[in-house]
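sequence and predicted model, in that order:
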Amino acid sequence: MKLRSKFLLSLVLVIATMTGGTLLTVRQSMQAQVQQQVGEDARNSILTFQVMQQQRRLVLGRKAELLATLAYMRNGDPTVIREVSQNPWQSEECDLFALVDS
């Protein structure tokens with residue numbers, strides 16, 4: 001082999017080695033970033049679900065309080081809770097249901 005061929009071959013090998021090393025480094029860096037992002041997204045999803053679950057509990061608690069108050073207003077009639085819990089807006093005795101703050 002001539003000196004020129006040896007030089008070109010060594011240059012190609014060095015460039016190929018540097019390119020391969022750079023690609024491996026970039027790949028590992030991207031994998032680490034993707035794993036971190038997936039972890040953050042999972043935590044955010046869990047927190048969002050917990051907030052929604054807490055809001056649902058509050059809504060159900062308020063509904064239970066309203067049903068109990070309505071039953072109390074009707075002299076403790078237990079059938080009221082069954083009737084109104086199905087659909088409080090279709091109650092037989094109520095044409096208007098209003099909540100007022102003093």
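All right, it came through fine.

count the neighbours of residue 71 for me.
19 (other CB atoms under 10 Å). The C-beta positions use only the backbone N, C-alpha and C, and glycine is treated the same way.

how far away is it from residue 65?
As for residue 71, its distance to residue 65 is 11 Å (criterion: CB to CB, to the nearest Å).

now residue 11
For residue 11, the distance to residue 65 - CB to CB - is 81 Å.

now swap in residue 26 and tell me
Here the criterion is CB to CB. By it, residue 26 lies 58 Å from residue 65.

in the protein, which helix is the longest?
helix 3-73 (DSSP state H).

which neighbouring elements make contact with it?
helix 78-86 (3 or more CB pairs under 8 Å, 6 or more residues apart in numbering; DSSP states H and E).

give the rounded mean pLDDT of the helix it packs on.
Average pLDDT, helix 78-86: 65.

equivalent analysis for stretch 13-23, please.
Per-residue pLDDT values over stretch 13-23 give a mean of 97.

and the gap between the spatially most central residue of the chain and residue 29?
Centroid-nearest residue in the chain, with CA atoms, centre = their mean: residue 45, separated by 2.8 Å. Using CB to CB, residue 45 is found at 25 Å from residue 29.

do the same with residue 59
Distance, residue 59 to residue 29, by CB to CB: 45 Å.

just residue 65 next, same as before
Distance from residue 65 to residue 29, counting by CB to CB: 54 Å.

what ranges in this protein fall below the confidence cut-off?
Within the chain, the stretches with pLDDT under 70 are 76-78, 80-102.

ok, now with 90
Low-confidence segments of the chain, defined by pLDDT under 90, span residues 1-4, 59-102.

so residue 9 versus residue 71, what's the distance?
Using CB to CB, residue 9 is found at 92 Å from residue 71.
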